[in-house]
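*Asks:* can't give you the sequence, but here's the structure:
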């Protein structure tokens, strides 16, 4: 029984209540395979099946019913501890985000939070992906919101795949890029997610190009693209009308595929319940993106 952890019991408890892997996955911010894996590990530890015919819709086995009643008491007591800790130590929450995420999603992130003035003090800091993940690990910030092209970071409670697209200004003539013509490129060198830049992508594709504008300012980056200096790239989710004040457009052809990038909300699993709730609220911004 030493193999039975709180995480396994909590997953079993939620699945027994919800009777659905999909609903349980959404509530716990875990993938369905992760839920299935936890249930199997718990069954291996207790040495009896948890659900009739392995199907949560059919209910609990007799042994599992006893385990459920014990787990319910444990969950109730853990809730009391969470509320105690939340009330005594959750006085401030520090949220770290990439500059591009703050630029495009800042208002929506704030809108999703609880009523202003009723919760803890909030601090939002911007930094690079590597630094934000390091700060979460060191406890210097409670939550990090990052984009990554290099896999899922540790302690990610939410992830979403998003397409990357080449962009240009509304008056840019896409035909000038035909027949492998040289590509004028606008580069942003600010604090970004890990992964190749536009000129590096074109270089790896053996596509002729020249950097015509380079900046560490996001505002200047999009303004240069809007004015027709050259092309750049961004995340499709950034291009919705309410997030696209520069009215840049997507380039549909002539350039190599960029692939995708993943949004992640990262939160230390040992954080107080209030911090985890805040992380889930922020995750809902990107779930709808």
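*Replies:* That came in fine, so what should we check first? Please read these numbers as outputs of a predicted model, since none were measured by experiment.

*Asks:* going forward, measure contacts and count neighbours with C-alpha atoms only.
*Replies:* Noted.

*Asks:* so what strands line up beside the longest strand anywhere in the chain?
*Replies:* Ranked by residue count and defined by DSSP state E, the top strand of the chain is strand 156-168. Next to strand 156-168 in the sheet, as set by DSSP bridges, lie strand 232-235 (antiparallel), strand 249-250 (antiparallel), strand 260-267 (antiparallel).

*Asks:* for residue 252, which non-adjacent residue is closest in space?
*Replies:* residue 166 (7.8 Å; CA to CA, 6 or more residues apart in numbering).

*Asks:* mean confidence for stretch 105-121?
*Replies:* Stretch 105-121 shows a mean pLDDT of 61.

*Asks:* what's the most buried one of the strands paired with strand 156-168?
*Replies:* strand 260-267 (a mean of 22; mean count of other CA atoms under 10 Å).

*Asks:* pLDDT below threshold where in the stretch 51-200 of the chain?
*Replies:* The stretch 51-200 of the chain contains residues with pLDDT under 70 at 81-92, 107-121, 190-194.

*Asks:* which parts of it are helices?
*Replies:* 62-89, 99-112, 129-138, 198-204 (DSSP state H, counting those that start in this stretch).

*Asks:* tell me which of these sits most buried.
*Replies:* helix 129-138 (a mean of 18).

*Asks:* and that helix, what does it pack against?
*Replies:* strand 143-148, strand 260-267 (3 or more CA pairs under 8 Å, 6 or more residues apart in numbering; DSSP states H and E).

*Asks:* which residue is the nearest non-sequential neighbour of residue 263?
*Replies:* residue 147 (4.5 Å).

*Asks:* about what we covered before: mind putting the strands paired with strand 156-168 into TSV with distance to residue 189?
*Replies:* Formatted as TSV, the strands paired with strand 156-168 follow (distance: least, CA to CA, whole Å):
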stretch	distance to residue 189
strand 232-235	12
strand 249-250	21
strand 260-267	18
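
*Asks:* just put those in TSV and tack on mean pLDDT and distance to residue 139.
*Replies:* Listed next are the strands paired with strand 156-168 as TSV, based on pLDDT from 0 to 100; distance: least, CA to CA, whole Å:
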stretch	mean pLDDT	distance to residue 139
strand 232-235	87	29
strand 249-250	87	39
strand 260-267	87	10
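
*Asks:* closest one to residue 55 among these?
*Replies:* strand 260-267 (30.8 Å; CA to CA).

*Asks:* show me what that closest one is in contact with.
*Replies:* 133, 136, 142-149, 152-164, 235, 276, 279, 282-283, 286 (CA atoms under 8 Å, 6 or more residues apart in numbering).

*Asks:* make a ChimeraX selection of the buried ones in those.
*Replies:* Filtering the contacts of strand 260-267 down to the buried ones (16 or more other CA atoms under 10 Å) takes a single ChimeraX command:
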select :133,136,142,143,144,145,146,147,148,152,153,156,157,158,159,162,164,235,276,279,282,283,286
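
*Asks:* re earlier: need the helices of the stretch 51-200 of the chain in CSV (columns: distance to residue 51).
*Replies:* Below are the helices of the stretch 51-200 of the chain laid out as CSV (distance: least, CA to CA, whole Å):
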stretch, distance to residue 51
helix 62-89, 7
helix 99-112, 37
helix 129-138, 37
helix 198-204, 50
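
*Asks:* and residue 211, that's in a strand?
*Replies:* Yes: the assignment for residue 211 is a strand, going by DSSP: H, G, I helix; E, B strand; the rest coil.

*Asks:* that one and residue 235, how far apart?
*Replies:* Counting by CA to CA, to the nearest Å, the gap from residue 211 to residue 235 is 20 Å.

*Asks:* check residue 174 too.
*Replies:* 19 Å.

*Asks:* kindly report the same for residue 216.
*Replies:* The value you get for residue 216 to residue 235, if CA to CA is used, is 18 Å.
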